[in-house]
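Colleague: Fold the following and give me the result.
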Amino acid sequence: MDDKRFEVIEKQGKLTQFQVIRDNQTGVLYMSYSAGYGLAMTVMMDRDGKPLVDEGYTKPRSY
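Modeller: The predicted structure is shown next:
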């Protein structure tokens, strides 16, 4: 992981595209959908309605 705040961790599609984006400061996952000139983005939620956090995410150390 580098210094980027957001990182695309999953991508599907060509002209119509779904992406899963991770916030590298919190580990929270977002989903985006784009088609043509349109774009939608939302936080992914677990079954309890809490933001979904990447299972493999480890918080970066602060020096």
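
Colleague: Regarding Arg22, what is its secondary structure?
Modeller: strand (DSSP: H, G, I helix; E, B strand; the rest coil).

Colleague: Flag every buried residue along stretch 51-58.
Modeller: Buried residues in stretch 51-58, counted by 16 or more other Cβ atoms under 10 Å: 52, 54, 57. Every residue, glycine included, has its C-beta placed from N, CA and C.

Colleague: Could you find the closest non-adjacent residue to the last one?
Modeller: By that I understand Tyr57. Spatial nearest neighbour of Tyr57, excluding adjacent residues (Cβ to Cβ, 6 or more residues apart in numbering): Gly27 at 3.3 Å.

Colleague: Pretty sure the one you found sits against Met44.
Modeller: No. Counting by Cβ atoms under 8 Å, Gly27 stays clear of Met44, with 11.4 Å between them.

Colleague: Which helix or strand contains Gln19?
Modeller: Using DSSP states H and E, Gln19 maps to strand 16-23.

Colleague: What average pLDDT does the very next helix or strand once past that strand get?
Modeller: Sequence order places strand 29-35 as the next helix or strand after strand 16-23, per DSSP H and E. In this model, strand 29-35 has an average pLDDT of 96.

Colleague: And stretch 45-54, by the same measure?
Modeller: 95.

Colleague: Quick one: neighbours of the residue lying closest to Gln25 once chain neighbours are set aside, just the number.
Modeller: The shortest distance from Gln25 to any non-neighbouring residue, by Cβ to Cβ, 6+ apart, is to Arg5 (6.2 Å). Burial measure for Arg5: 9 neighbouring residues, criterion other Cβ atoms under 10 Å.

Colleague: so who does Arg5 touch?
Modeller: Neighbour list for Arg5: 23-25 [criterion: Cβ atoms under 8 Å, 6 or more residues apart in numbering].
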